[in-house]
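Asker: predicted coordinates and the sequence they were generated for:
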Amino acid sequence: MSRCRGRAPRRILGLLALVIAGCGGVTAAETVLVQRGAPMRYRANVLDPGLALSWTNPAFSDAAWAAGSYGVGYETAPPGANGLIDTVVPAGTWSVYTRSQFTIADVSTVSSLTFGADYDDGYVVWINGVEVYRSPEMPIGPPAWNTSAALHESSNGATPVYAPLHDITLAGLPALHDGANLMAVGVWNNAQSSSDLVLVPYLSINRSELTRGPYLQLGTPDSVVVRWRTAVPTDSRVRFGAAPGSLTSFADDAAATTEHVVKVAGLAPGTRYYYGVGSSAAELAGGDAQHHFVTAPLSGTTTRLWVLGDSGTAGAGARAVRDAYTSLTGPAHTDLWLMLGDNAYQSGTDAEYQAAVFDMYPQMLRTSVLWPTLGNHDGVAADSATQSGPYYDMFSLPAQGQAGGMVSGTEAYYSFDFGDIHFICLDSFETNRSPGAAMLTWLQEDVMATDRTWVIAFWHHPPYSKGSHDSDNEIEMAEMRANALPILEAAGVDLVLSGHSHSYERSYLLDGHYGVSTTLTSSMILDSGSGRVSGPGAYTKGAGSPAPHDGSVYVVAGSSGQVSGGALNHPAMFLSLNVLGSLVLEIAGPQLNGRFLDDAGVWRDEFTLYKGTGSACAPGQAPADQGDTVTLGPGASAIAWTRDASSVYSNLYRGTIAASLPFAYDHACLVSSTSAQTASDPAAPPPGAALYYLVSGSNACGESPVGSSSAGVPDPNPAPCP
């Protein structure tokens, strides 16, 4: 990126509920179950009742006990603790056993339990017969009716002081069950001659109000769908705006629901927005820098997408693949991501999706739109014919052509546009794969109608594989190869992505191979090279929009959760690996780069498709620093610059301090991925202030440095354009 040195800067004149944070942005609302005034049954022990600890068991009958309310105790030296005592027991009582019931309809919504008490002298708490806490004044071991507690004075106030509050989640949460629960609390005196005895307990639970999400769906240039799940039905609100502290707009749905689906519309293309989710009464998550999205561009942009196949193991392998990618990208935005099926093992249930998707990728889900396809494991609990089951319930997909492409009328298969790319998702598992059936009829119409530069298709069962599944032997793989590929290749499809086999397999540039592996001929391999710019070169195709039978690359990327071996010797494949990893695609103008990143963060493969008239750049090698090129002048497009021949687009950054050496700046993105070389700026700083500009070049291989020191050392960009 160039520095604006030697140029004149532009100058412009002049419930009562406590809300507490949970992990991952999830919030929790505190529900008080027991406190002062709560009903209870009790027994005051002046003599041995002969009960041992049987009274702490839910099955114990307390019908003969007295009824009262908390607090309980006595005071012989008033006023003392009289202000805390609602239920009086005889002076000289050694201990009081109390039992109180509370109801929890759904324990799965409980995230934590808290206990506190205003007391004199010591106490022990049981939930459903399980000891969950004892105060420090109580000795170890099972307490007898006349166990002596160390001295502890109550607050002796009119209002109980429950602090310190104790987190009893570890012991208490496993003891809970749906329905009626029992809390048993005993309080013990230091001695029978003591002047007072007091117990005012406090028990609360924290419910995770936000139990899923937020997550982004169905992104278009002017809209995005935001989804989330809550423990209880509420109305829905998404607040959004240009900065975390300025969420000035909102989108609402008044219907009370636990599955919140809100379309945020009227947005600008290729623009970053920050958002928060909740109800009209309260925000549950967001409003910070970690909750944002970038709308799809209309065209002409650099696009990065992340591709996962068979990632639904919810295990260490999936976590390692995830962490390798997030470590690679850092703060850079992922424009969109694909899941190639078998997103949640073993059966695609809602609980399995929670573990394998929503708990595994919360950060990516809330910042980048996910586009999934159905795998055979997902299809166990889902049905494509009726569009029912967890997969269809939790995703919002463009059955009506809302994101570009033709109306499919079903979420089982669909298409969408993102910038210069047309994506096609097919259902290779449950939907009829026959020629002339609805899906392939729709495919023919959709793929022939697109005018985008790039066409990428994805589904679960690969047409070519010799991994853990053999494409010569499985009907789904054979039918997709024989029936779908002729349609796609006749329309010039560039890239086909699949999973199913738990391996990474990447083909040569192919056309016309629709039979079993032994029928592959040399004429079907249009380029038998590596497709690597470093040698012998990229796979080249005709410039511009897709052309019929111009060659396609096929990738099996099914090792994002586990590897399962196989012969890995399909003759259509340039490379086959039994390695955990994910596929990263970077597309800009005439170039598409694909790279396979393993679970250790090492690039294990790369290939390039090129539709330009010049030469392709090497993946990972960004354009050079643009040099001192920014100029300012009169007119609507007062900012102008030149662009290096290796760059396809430019990013323009604006700051309020001049870039200096050692290189320092406060510049933020003003214009992202523009093919133009001029821009205007409507911003008006305070009187006497100045605006400073930097410009970078970008292509499918990256972005040029932000600037260079006097020694020519590039500086990293801390806040790159989306």
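Answerer: Okay, I see it.
Asker: use CA for all of it now, contacts and neighbours both
Answerer: Noted.
Asker: what residues of stretch 418-435 count as buried?
Answerer: By neighbour count with 16 or more other C-alpha atoms under 10 Å, stretch 418-435 contains the buried residues 418-433.
Asker: out of those residues, the closest to residue 67 would be?
Answerer: residue 430 (61.7 Å; C-alpha to C-alpha).
Asker: OK, contacts around that closest one?
Answerer: By C-alpha atoms under 8 Å, 6 or more residues apart in numbering, the contact list for residue 430 reads 379, 383, 384, 385.
Asker: again, only using 10 Å
Answerer: 374, 375, 376, 379, 382, 383, 384, 385, 412, 476 (C-alpha atoms under 10 Å, 6 or more residues apart in numbering).
Asker: count the residues that sit near the nearest residue in space to residue 177 that is not next to it in sequence.
Answerer: Closest residue to residue 177 apart from its sequence neighbours, by C-alpha to C-alpha, 6 or more residues apart in numbering: residue 107 at 6.0 Å. Residue 107 has 15 neighbouring residues, counting by other C-alpha atoms under 10 Å.
Asker: next one: residue 512
Answerer: 20.
Asker: tell me the pLDDT of it.
Answerer: In this model, residue 512 is scored at 98, pLDDT.
Asker: pLDDT wise, what is residue 651 at?
Answerer: Reported pLDDT for residue 651: 78.
Asker: which helix or strand contains it?
Answerer: strand 649-655 (DSSP states H and E).
Asker: from the buried residues of stretch 418-435, which ones fall inside helices?
Answerer: Residues of these located in helices (DSSP state H): none.
Asker: looking at the residues you listed, which are in strands?
Answerer: Of the buried residues of stretch 418-435, the ones assigned to strands by DSSP state E are 418, 421, 422, 423, 424, 425.
Asker: quick one: the nearest residue to residue 344 once chain neighbours are set aside and residue 617, what's the gap?
Answerer: Of all residues not flanking residue 344 in the chain, residue 312 sits nearest, at 3.9 Å (C-alpha to C-alpha, 6+ apart). Between residue 312 and residue 617 the distance is 34 Å, computed by C-alpha to C-alpha, to the nearest Å.
Asker: and those two? Which one has more around it.
Answerer: Per other C-alpha under 10 Å, whichever of residue 312 and residue 617 has more neighbours is residue 312, with 28 against 23.
Asker: that one is in contact with residue 346, isn't it?
Answerer: Yes. Assessed by C-alpha atoms under 10 Å, residue 312 is found in contact with residue 346 at 8.3 Å.
Asker: quick check: neighbours shared by the two?
Answerer: 352, 353, 377, 378.
Asker: which of these has the largest number of neighbours?
Answerer: The most neighbours, when those are compared by other C-alpha under 10 Å, belong to residue 378, which has 27 neighbours.
Asker: state the phi and psi torsions of that one.
Answerer: Residue 378 adopts backbone torsions of phi -60, psi -30, taken as degrees, to the nearest 10.
Asker: extract the CA atoms of the longest helix seen in the chain and return them as PDB.
Answerer: Counting residues, the longest helix found in the chain (DSSP H) is helix 316-329. Only the C-alpha atoms of helix 316-329 are listed here, as PDB (Å, rounded to 0.1, in the frame of the first residue of the first chain):
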ATOM      1  CA  ALA A 316     -10.500 -33.100  18.100                       C
ATOM      2  CA  GLY A 317      -9.900 -33.400  14.400                       C
ATOM      3  CA  ALA A 318     -12.600 -30.900  13.500                       C
ATOM      4  CA  ARG A 319     -11.200 -28.500  16.200                       C
ATOM      5  CA  ALA A 320      -7.700 -28.800  14.800                       C
ATOM      6  CA  VAL A 321      -8.900 -28.100  11.300                       C
ATOM      7  CA  ARG A 322     -10.900 -25.100  12.500                       C
ATOM      8  CA  ASP A 323      -8.000 -23.700  14.600                       C
ATOM      9  CA  ALA A 324      -5.600 -24.100  11.700                       C
ATOM     10  CA  TYR A 325      -7.800 -21.900   9.500                       C
ATOM     11  CA  THR A 326      -8.600 -19.200  12.100                       C
ATOM     12  CA  SER A 327      -4.900 -19.000  12.900                       C
ATOM     13  CA  LEU A 328      -4.200 -18.500   9.200                       C
ATOM     14  CA  THR A 329      -6.800 -15.800   8.600                       C
END
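Asker: just checking: what are the partner strands of whatever helix or strand comes next after it?
Answerer: Once helix 316-329 ends, the next helix or strand along the chain (criterion: DSSP H and E) is strand 336-339. Strand 336-339 has the following sheet partners, assigned by DSSP bridges: strand 303-308 (parallel), strand 369-372 (parallel).
Asker: packed most tightly, which of these would that be?
Answerer: strand 369-372 (a mean of 25; mean count of other C-alpha atoms under 10 Å).
Asker: out of the contacts of residue 430, which comes closest to residue 231?
Answerer: Looking at the contacts of residue 430 and their distance to residue 231, the nearest is residue 382, at 23.0 Å (C-alpha to C-alpha).
Asker: number of residues surrounding the residue nearest to the closest one when sequence neighbours are not counted?
Answerer: Using C-alpha to C-alpha, 6+ apart and skipping residues adjacent in sequence, the residue nearest residue 382 is residue 389, 4.0 Å away. Applying other C-alpha under 10 Å, we find 18 other residues in the vicinity of residue 389.
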